[in-house]
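A.B. asks: build the 3D model from these lines:
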Amino acid sequence: MRGSFRLITVFGIDIEIHVTFFLLLMLFFLLLGPRGLMLIVGVFFFVTIHELCHSFAALHFGIKVKTITLLPIGGVASMSEIPSKPYQELVIALAGPFSNILVLIIFYLPLQLMLGHEKLMYPLMAMIGRAGSAGQFSIIAYIYWLNLVLAGFNLLPAFPMDGGRVLRAILSYCMSYKKATDIAVRMGHVFALFFAYLGIVHGQIFLLVIAIFIYMSASSEGLQVNVRETIKNYTVKNILAGDFVHISPDAPLSKILELAFRTRQEDYPVIEDGYLRGFVTRKELLQGIHAKGKEARVSEVMRTDIPAVTVTTGLHEVQKLLQKYDTSAMPVKRAGSIVGVVTIDDINRVYLMISEK
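C.D. replies: Numbers count the residues shown, from 1 in each chain. Now for the predicted structure:
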């Protein structure tokens, strides 16, 4: 995600922190001093555990997780693909809140012995409006009970929360995936409007930010599924252009720039002796020119991990592969030979044309 930098790598998953996160640290430091910093660091430690549990469940089903990004409003795990079966989505979605509940169970007795019953229970009593003396304040107790808030909030039955994915997974057993998604998306919009109302009535800007995030994320999830369902009856053959240009590994990057200006093609298969050696998209081209200069060779910047799809591959499968390999285009083959390029723009164009009918 733009504006993020890597904090640590855990089991091959990059934990990134967004620059806006420091605004949250500054805000809580101004409001609560050092205790505010401890509170935010503690909460986001458990947010990271929450997202890692999602990620480990996804890895169990063979779904690669590239990064976990920590934002002021929580964590986001970037998965290579959407779980293909309802029970997979159910397990992955529940893994996060389960980790927070497990923390509550494991640490209850040790913290009760360390802090005492009244000090440990004070934050919970404050949450439900039954707190006694403020002298029972303990930052450790607050961090501990905020796991309950994380679990409860994430189990709300609406996108983009985990509860929305649980709802979709359950509904998918008795209705179409698209209809189940539409219901979860509408629930997300309802909760977003509710949080926006609370934010306006009580003057809480943070609630308004959360409302905007929920509404936009729910809408984005709905759009992705709509695109996938709309294009599922089409294959690469339906949209493949009749002509394309390929390049050799020894060509300079300046040659690709020249071809891009002349042909408007932005992604190029790298072919040598009739075999596919790699692939260069606009992203690799621009990064290569910035890092190595225009005279660098294609072989220095090309990607070799992007496979070719066939002309009979469904567009919904291509969409998943584009996401899995984090690329905007893929080479296309027929009978072992490269015959073109398919891009995310081609797929989006199909969706726009069909949805306007």
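A.B. asks: the helices in the stretch 1-150 of the chain, which residues?
C.D. replies: All helices of the stretch 1-150 of the chain, identified by DSSP state H, counting those that start in this stretch, fall at 21-32, 34-60, 86-115, 117-127, 139-154.
A.B. asks: now the fourth one: mean pLDDT?
C.D. replies: Model confidence over helix 117-127 averages 84 on the pLDDT scale.
A.B. asks: and that helix, what does it pack onto?
C.D. replies: Packing partners of helix 117-127 (3 or more C-beta pairs under 8 Å, 6 or more residues apart in numbering; DSSP states H and E): helix 86-115, helix 139-154. The way it works is simple: take the backbone N, C-alpha and C, and place the C-beta from them, glycine included.
A.B. asks: what about residue 222, helix or strand, and which?
C.D. replies: Assigned by DSSP states H and E, residue 222 belongs to helix 205-231.
A.B. asks: for the helix or strand following that helix, which positions count as buried?
C.D. replies: Using DSSP H and E, the helix or strand that follows helix 205-231 in sequence is helix 253-263. Neighbour counts over helix 253-263 (16 or more other C-beta atoms under 10 Å) mark 253, 255, 256, 259, 260 as buried.
A.B. asks: burial count for residue 163?
C.D. replies: Residues lying near residue 163 (other C-beta atoms under 10 Å) number 23.
A.B. asks: do you know how far it is from residue 293?
C.D. replies: Using C-beta to C-beta, to the nearest Å, we find residue 163 at a distance of 50 Å from residue 293.
A.B. asks: ok, now residue 149?
C.D. replies: Separation of residue 149 from residue 293 (C-beta to C-beta): 51 Å.
A.B. asks: what's the domain layout of the protein?
C.D. replies: The chain breaks down into these domains under automatic domain parsing: 4-155, 171-231, 236-355.
A.B. asks: pLDDT of the second one, averaged?
C.D. replies: In this model, domain 171-231 has an average pLDDT of 89.
A.B. asks: can you check the distance spanned by that domain, start to finish?
C.D. replies: One end of domain 171-231 sits 22 Å from the other (C-alpha to C-alpha, to the nearest Å).
A.B. asks: contacts only, for residue 51.
C.D. replies: Counting by C-beta atoms under 8 Å, 6 or more residues apart in numbering, residue 51 makes contact with 68, 75, 76, 77, 96.
A.B. asks: out of the residues you listed, who's the most crowded?
C.D. replies: Top of the contacts of residue 51 by neighbour number is residue 96, holding 26 neighbours under the definition other C-beta under 10 Å.
A.B. asks: how close does it sit to residue 178?
C.D. replies: Look at residue 96 and residue 178: by C-beta to C-beta, they are 25 Å apart.
A.B. asks: now do residue 312
C.D. replies: 24 Å.
A.B. asks: the more surrounded of these two?
C.D. replies: Comparing residue 312 with residue 178 by other C-beta under 10 Å, the one with more neighbours is residue 178, at 16 against 9.
A.B. asks: confirm the more buried one sits in a helix?
C.D. replies: Yes: assessed by DSSP: H, G, I helix; E, B strand; the rest coil, residue 178 belongs to a helix.
A.B. asks: that one reaches residue 224, doesn't it?
C.D. replies: No: using C-beta atoms under 8 Å, residue 178 is not in contact with residue 224; the gap is 11.0 Å.
A.B. asks: skipping adjacent residues, who's closest to residue 172 in space?
C.D. replies: Closest residue in space to residue 172, ignoring its immediate chain neighbours: residue 86 at 4.2 Å, by C-beta to C-beta, 6 or more residues apart in numbering.
A.B. asks: picking that back up, return the subset of the contacts of residue 51 lying in strands.
C.D. replies: Under the assignment DSSP state E, these contribute 68, 75, 76, 77 to strands.
A.B. asks: how about the contacts made by residue 294?
C.D. replies: Residue 294 makes contacts with 252, 253, 254, 257, as judged by C-beta under 8 Å, 6+ apart.
A.B. asks: surely the last one meets residue 282?
C.D. replies: Looking back up the chat, that one is residue 257. No: assessed by C-beta under 8 Å, residue 257 is found out of contact with residue 282, at 10.5 Å.
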